[in-house]
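>>> Provide a 3D model corresponding to the input given below.
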Amino acid sequence: MHPHLLFLTTPSSYRLPAFLAAAERIGAQATVAEDTPPTLARPLPGRLLIDFSDHAAALRAIRVLHASQPLTAILPVDDSGVELAALACAELGLPFNRPEAAVAARDKHLMRQLFARAGVPSPAFRLCTTADDLVALAQTVPFPCVVKPLRLNGSRGVIRADNPDQFVAAAQRLAVLLDRVEGSGTHEFLVEEFVPGFEVALEGLIDRGQVQVLALFDKPDPLDGPFFEETIYVTPSRLPAATQAAICEVTAAAARAVGLEQGPLHAELRINDHGPWMIELANRSIGGLCSRTLRFGADAPLEELILRQAAGLPIESLSRAGQAGGVMMIPIPQAGILRGVAGVEAAQAIPGIESVDITAPLNYPLTPLPEGDSYLGFIFARGPDPATVEAALRAAHAQLRFIIVPAITLMA
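Predicted structure coming up:
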C-alpha cells in the first residue's frame, strides 16, 4: 500500500512544491488541504479548501477524506496547519504531537512560560495588550526591549525599542499590523528583553521526544534591530564544538518543555558570554526555499526525511551530504512596485553560486519588514567551506539591481 499523506498549507506557501516532490520520490499519494475562507471554498480534485480556524468544520472534512481514502499521516507544511494537524491526528489515531504542544509551539507567550518553568535560557518577557496605556507602560519597561506579536512568524511585527518613545511607536505600529492581519480590536503582544549575541538556526527531527540535529546554520549578518530581517544562512556552523553541543542541549530542553515528540523542528537561538539562549522554536521545517541547501545520505532532500518519518518508512541517513552550503534570503530594500531585476546572469556566474531565484512577481507591491512577510528571492551557494560560501552569496547579491518605483495611492 502506498502511503496517503495530507499536507496542510496556505495558498502563498513557498514550501508545498518541495513536499509534493518528496511525496512523489517515496511513492506516496498526496492530498493538499489549503487554508481558505469559507466564502471561497469549492470542490477541487486532489485538494481540500477548508478554513483552518474553524476546527470543527475542518475536522469533519478530514474525517470524510480519511473514511474514503485512509490517511497515513497529516503534515503541516508551515505554521498555519500545526494545530489542526495535531487535532486531526489525535482524533484519527495518527502519530503526531499532542494538541496542547502544537498550540504552545505557535503561541509565543505560552512558549515563553513553558521555557521559564523548565529553566530553559530565554529572554525575560511580559504580556501586554494594545489597549494598555502605552506611555505609562513605557515607563516600566527595561531597555533595550523587543516588541513581538504572539503568532506571526518570519520576524513579522518584531521591533526593537531602545527608549520610551521608540517603545510607544513600535507598539502602535504593531497594533496597526495586527488590526490588518487579525481584525480590528485589542491584541495581546509580548515585550521581551533584547538578548545580544550571534544568532543561529537549528534544523532537527524529533523522534519519540528525542531531537536529532540535521543541520546548524550560522547567521553571519548581525540581527540587532530595529527590525530583524534574516539574510544569510550557512552550514556547517563555524562555532566551536563545545558551543554547538550546548546549542543542541538547550534546543532539546526547549522541545521537551513545549512537549514536542514528533516531526520537524526549527529553532532560533542566540549565543553570547552566558551561552545559548532559546529565542523561538517551531514544529515545522525551515521556511522559504532554504531547505534546498540540505541533502542527506544519497542526495535525499530534507522533506523526504520528514515524510519518511511521518509515514513510518526507513530513513537511509540523517547525515548531511556534500560540501558546505548556504542561502541568502534577498531582503526587500524599500516599499513600492517591483518593475525589474538586473544582474541575475552576473550573479549566477559567481563561482560557487548554484542558482538565483527571484520569487517576487513583477508589477506587484513590495512590503518590507516589519509589516511584510516575503522576500525578493533566494540565492543558493555551495563550496569547500562556510567562508567561501558566505563570500559567494555576498558577491552574487552585490550584482543584483532591483528597480522599485513608488506605489501610487488612489484617493477616494
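
>>> Surely Arg270 touches Ile247?
No: if you go by Cβ atoms under 8 Å, Arg270 and Ile247 don't touch, sitting 10.0 Å apart. Quick note: C-beta positions are derived from backbone N, CA and C, even for glycine.

>>> what's the overlap in contacts for the two?
Val200, Pro276 (Cβ atoms under 8 Å, 6 or more residues apart in numbering).

>>> Tell me who's in contact with the residue nearest in space to the middle of the chain.
Geometric centre of the chain, nearest residue: Gly287, 4.3 Å, by Cα atoms, centre = their mean. Contacts for Gly287 were tallied using Cβ under 8 Å, 6+ apart; they are Tyr14, Arg15, Asp78, Asn153, Gly154, His266.

>>> could those residues go into a markdown table alongside pLDDT?
Below are the contacts of Gly287 laid out as a markdown table (pLDDT from 0 to 100):
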| residue | pLDDT |
| --- | --- |
| Tyr14 | 85 |
| Arg15 | 92 |
| Asp78 | 90 |
| Asn153 | 87 |
| Gly154 | 85 |
| His266 | 97 |
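
>>> Output these in CSV; the columns should cover distance to Ala58, secondary structure and neighbour count.
CSV is the format used below for the contacts of Gly287 (distance: Cβ to Cβ, whole Å; DSSP: H, G, I helix; E, B strand; the rest coil; neighbours: other Cβ atoms under 10 Å):
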residue, distance to Ala58, secondary structure, neighbour count
Tyr14, 22, coil, 19
Arg15, 19, coil, 22
Asp78, 16, coil, 23
Asn153, 20, coil, 19
Gly154, 24, coil, 19
His266, 24, strand, 19
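
>>> Among those, which one lies nearest to Ala201?
Ranked by distance to Ala201 (Cβ to Cβ), those are led by His266 at 6.8 Å.

>>> where's the closest one relative to Thr251, distance?
Separation of His266 from Thr251 (Cβ to Cβ, to the nearest Å) stands at 10 Å.

>>> Likewise for Leu174?
28 Å.

>>> Ok, Phe402 next?
36 Å.

>>> quick one: which of those two has more around it?
Thr251 (24 against 20; other Cβ atoms under 10 Å).

>>> Which residue, neighbours along the chain excluded, lies closest to that one?
Ala267 (4.8 Å; Cβ to Cβ, 6 or more residues apart in numbering).

>>> before we move on, the earlier item: would you reformat the contacts of Gly287 as a markdown table and include distance to Val213?
Putting those into a markdown table (distance: Cβ to Cβ, whole Å) gives the following:
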| residue | distance to Val213 |
| --- | --- |
| Tyr14 | 23 |
| Arg15 | 20 |
| Asp78 | 21 |
| Asn153 | 21 |
| Gly154 | 22 |
| His266 | 12 |
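
>>> which one among those residues gets closest to Leu281?
Nearest member of the contacts of Gly287 to Leu281, counting by Cβ to Cβ, is His266, at 6.9 Å.

>>> Which residue is the nearest non-sequential neighbour of that closest one?
In space, His266 is closest to Ala282, 4.9 Å off (Cβ to Cβ, 6+ apart).
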